[in-house]
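In: model this:
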Amino acid sequence: EMTRRQQHQRRYNKQQLLFILALGGLTNLSNGHTINANEFQLRLKRAKNRPTPSHFHLPSAHNLHADNDDLQQTHDDDANNGELKKQVVIATKSTIDPQFRGGAAIGGDVAERTISAIVMLAAVTLLVQKFGQQGIIALILLSQTVMFHEACKTVSLGDTVRFPNGMKVQQWWWYLTVQLGTSLKYLNLAKNVELRAFGMAALSLVLGVVTMAHIGPDYFLPYLSKVASSHFALLFLVVQSSTWILTLQEFGTIWFFFPALLVIVNDTMAYVFGRLIGKNKLIPKLSPKKTKEGFWGAAISTVAVAAPLLRYLLGGDDIADLQRHAIAIALYVSIVSPFGGFLASAVKRTYGAKDFGAFIPGHGGAIDRLDCQIVTAPFVYFYLKQYLK
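Out: Residues are numbered from 1 along each chain as shown. Take a look at the predicted model:
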């Protein structure tokens with residue numbers, strides 16, 4: 001009987017060790033990189049083939065974003081193993097659920113986010129003072145490039161096959177094609193841009209078909225999925241954000257910053273109301289932390305500050321004729337723009353990513369900060385073009 005128990009205990013210990021080794025392999029990922037279920041299973045399989053060391057240490061869970069439920073699906077049959085597992089769950093869960101972490105960790109996150117926000121605000125202010133609209137446009141082009149890179153990197157976490165090296169070249173070719181027909185066209189940096197952009201798009205069609213003929217039928221579905229996700233990213237991120245340039249050119253910097261500040265107010269007040277009185281989840285399957293109280297509290301706050309904020313940006317001038325426009329933009333920012341963030345959350349959940357990147361310390365990637373802003377950009381331009389003469 002003792003032999004059977006010892007054998008069972010050894011098998012159990014080995015399972016625990018393999019689990020720890022799998023987690024240890026995940027901690028080598030770079031900052032901001034996360035895993036999906038397929039990658040986790042692959043790393044677990046690799047862990048089984050590793051030689052079992054005579055001793056091991058609990059891995060750092062710095063970049064680990066696995067599912068909480070998966071970490072809890074074990075039984076504490078033995079006191080020591082149960083305590084070991086508890087340490088692993090705590091170490092891992094502390095990187096997933098901010099409420100699980102201690103006050104020092106949360107305070108550190110807040111401090112990092114605050115410092116990053118101050119640095120970004122100072123940088124943008126300096127950029128505007130030094131270069132004016134041209135500096136803002138350069139920042140827009142940089143943001144578009146970073147956002148597309150983050151989107152491609154995040155979607156690649158779900159790849160089930162290894163694509164040829166030319167896949168990335170095609171993606172950036174599509175990016176340049178869209179940029180030539182939108183942002184670069186608006187800046188008048190080249191002549192006959194419509195014909196050139198169409199020529200690049202036609203060449204993309206030819207290269208896409210040739211690629212499919214080369215890789216074979218087994219790769220058709222993954223390749224077409226990659227094409228679809230890349231083009232959706234271009235439409236959602238690049239095409240929409242390119243209207244910022246049109247707003248700057250036709251209506252000036254005030255109407256660029258006004259809706260941007262409204263989005264910041266809305267996002268901040270949603271967090272405040274959610275923390276203070278939030279009880280009813282808004283869309284728990286997409287964004288579990290969002291609450292109905294936070295959503296509507298932020299909406300009321302955003303509409304309330306719209307007119308005073310516009311008056312301040314205009315230097316205290318009378319805005320009686322502009323007040324209805326300020327409220328209209330605030331309503332859109334409050335009701336529609338948050339859905340850009342909800343969509344971004346759905347994409348991250350789909351591919352098992354916590355953030356789209358680490359471009360902005362403490363805040364994540366550029367998409368994490370601009371998801372609601374880019375949904376607002378086209379509405380502001382078309383609304384002003386229609387109603388603000």
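
In: which strand or helix spans Thr177?
Out: Using DSSP states H and E, the element containing Thr177 is helix 166-181.

In: if you average pLDDT over that helix, what comes out?
Out: Averaged over helix 166-181, pLDDT sits at 91.

In: what do you get for stretch 224-234?
Out: The pLDDT scores in stretch 224-234 average 93.

In: ok, the nearest residue to Ser337 once chain neighbours are set aside to Met269 distance?
Out: In this structure, Ser337 finds its nearest non-sequential neighbour in Cys372, 4.4 Å apart by C-beta to C-beta, 6 or more residues apart in numbering. Any C-beta I mention is one placed from the backbone N, CA and C, and that applies to glycine too. The gap separating Cys372 from Met269 is 13 Å, by C-beta to C-beta, to the nearest Å.

In: isn't Gly274 right up against Pro288?
Out: No: shown here, Gly274 and Pro288 do not form a contact pair, counting by C-beta atoms under 8 Å, at 11.1 Å.

In: biggest strand in the protein by residues?
Out: In the chain, ranked by residue count with DSSP state E as the criterion, the top strand is strand 287-291.

In: that strand pairs with which strands?
Out: Using DSSP bridges, strand 287-291 pairs in its sheet with strand 281-283 (antiparallel).

In: sorry, back to before: now do the buried residues in the helix or strand harbouring the residue nearest to Ser337.
Out: In this structure, Cys372 sits in helix 366-387 according to DSSP H and E. The neighbour-count check on helix 366-387 (16 or more other C-beta atoms under 10 Å) flags 366-381, 383-384 as buried.

In: just checking, next helix/strand downstream of the longest strand of the chain?
Out: Toward the C-terminus, strand 287-291 is succeeded by helix 292-313 as the next helix or strand (DSSP H and E).

In: let me know the angle separating the next helix-or-strand element following that following helix from helix 366-387.
Out: Next in sequence after helix 292-313, counting helices and strands by DSSP H and E, comes helix 323-335. On the basis of axes from the mean of the first three to the mean of the last three C-alpha atoms, to 10 degrees, helix 323-335 is oriented at 150 degrees to helix 366-387.

In: follow-up on the earlier one: contact partners of the helix holding Thr177?
Out: 144-145, 148, 152, 190, 193-194, 196-197, 200-201, 203-204, 207-208, 211, 226, 230-231, 234, 238-239, 242 (C-beta atoms under 8 Å, 6 or more residues apart in numbering).

In: those residues, buried ones only, as a ChimeraX selection?
Out: Selection of buried members from the contacts of helix 166-181 for ChimeraX, criterion 16+ other C-beta under 10 Å:
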select :144,148,152,193,196,197,200,204,211,226,230,234,238,239,242
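
In: which residue ranges of the stretch 101-250 of the chain form helices?
Out: For the stretch 101-250 of the chain, applying DSSP state H, counting those that start in this stretch gives helices covering 103-131, 133-155, 166-181, 183-186, 193-215, 220-233, 240-241, 243-251.

In: Lys279 is nearest to which of these?
Out: helix 103-131 (20.9 Å; C-beta to C-beta).

In: give me the mean pLDDT for that closest one.
Out: Per-residue pLDDT values over helix 103-131 give a mean of 68.

In: cool, and stretch 358-367?
Out: Mean pLDDT, stretch 358-367: 78.

In: endpoints of it, how far apart?
Out: This stretch, stretch 358-367, spans 10 Å end to end (C-alpha to C-alpha, to the nearest Å).
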